[in-house]
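>>> 3D model of this:
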Amino acid sequence: VRCSHKVLQSDLIPLFRPKGRGIKPSARIKKSNITDLGFLQILFERVHEKTKTDGNIGMKMPVIMARNNIKNIQARISDAVRIILADEKNEEQDSIYTSLQSDGFGTALNDEQKAGKINWFMELDFSREEATEYLEKEIKLNEIFRNRSELNMVYAAAMTFCFGNVRK
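Numbers count the residues shown, from 1 in each chain. Predicted structure coming up:
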């Protein structure tokens, strides 16, 4: 975890991170049982091996903070849930929908983007068949999401919050 600001002694340091592994699995869309958790787990592990990007850093933050001279460390997982209801059309619902779109839900891919994703999965040692099968599920989930007039969805980001004080 890198902080771009200097921290004075006794300052409170807050860190937060969405639970990468929990985002798609925590989305519940009516009439949908699409997310392949086995594939996602393997994907996160392979991305971590290749890029050292850790989709599960949130729960490691307290340890990292303790090793960096932080005291009074506390951690929380957000229990906030976003709900989209097909029969409710209002500013709040539109805001939630737009926010989830910015997280990648509902993305329509052209043929070049699909090929790029399949190639990326294959670079992570998935077979073409595994990559294609997962991509088809992702496309189906995005199609369901884009059908706003029939979308009933519950989504929990499971954001991890950690904070502590610099030791004097």
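
>>> ok, residue 61 touching residue 75?
Yes. With contact defined as CB atoms under 8 Å, residue 61 counts as touching residue 75 (6.9 Å). In short, each C-beta sits where N, CA and C put it, glycine included.

>>> shared neighbours, those two?
160, 162 (CB atoms under 8 Å, 6 or more residues apart in numbering).

>>> Settle it for me: which of those two has more neighbours?
In this view residue 61 and residue 75 are compared by other CB atoms under 10 Å, and residue 61 has more residues nearby, 21 against 15.

>>> Quick check: the gap between the more buried one and residue 132.
36 Å (CB to CB, to the nearest Å).

>>> Now do the SS call for residue 82.
The three-state label given to residue 82 by DSSP: H, G, I helix; E, B strand; the rest coil is strand.

>>> and it, what are its bridge partners?
residue 155 (DSSP bridges).

>>> wait, what's in contact with it?
96, 99-100, 153-157.

>>> Likewise for residue 74?
162-164.

>>> helix/strand/coil for it?
Quick answer, by three-state DSSP: residue 74 is strand.

>>> Check residue 125 too.
Classified using three-state DSSP, residue 125 is coil.

>>> quick one, helices of this protein?
37-51, 61-67, 91-102, 111-123, 128-146 (DSSP state H).

>>> And the last one, what does it pack against?
Other elements packing on helix 128-146 under the criterion 3 or more CB pairs under 8 Å, 6 or more residues apart in numbering; DSSP states H and E are strand 28-29, helix 37-51, helix 111-123.

>>> same thing but at 6 Å, please
helix 111-123 (3 or more CB pairs under 6 Å, 6 or more residues apart in numbering; DSSP states H and E).

>>> cool, the fourth one as well?
Contact analysis of helix 111-123 by 3+ CB pairs under 6 Å, 6+ apart lists helix 128-146 as its packing neighbours.

>>> Only the buried residues of the helix it packs on, if you could.
130-132, 134-135, 138-139, 141-142, 144-145 (16 or more other CB atoms under 10 Å).

>>> now the angle from that helix to helix 37-51?
Between helix 128-146 and helix 37-51, the angle comes out at 110 degrees (axes from the mean of the first three to the mean of the last three CA atoms, to 10 degrees).

>>> now helix 128-146: how far from the chain's centre is it?
17 Å (CA atoms, centre = their mean, to the nearest Å).

>>> go on, stretch 111-122?
20 Å.

>>> Counting neighbours, which of the contacts of residue 74 comes out on top?
residue 162 (23 neighbours).

>>> for the contacts of residue 74, which one is nearest residue 44?
Checking the contacts of residue 74 against residue 44 with CB to CB, the nearest one is residue 162 at 20.1 Å.
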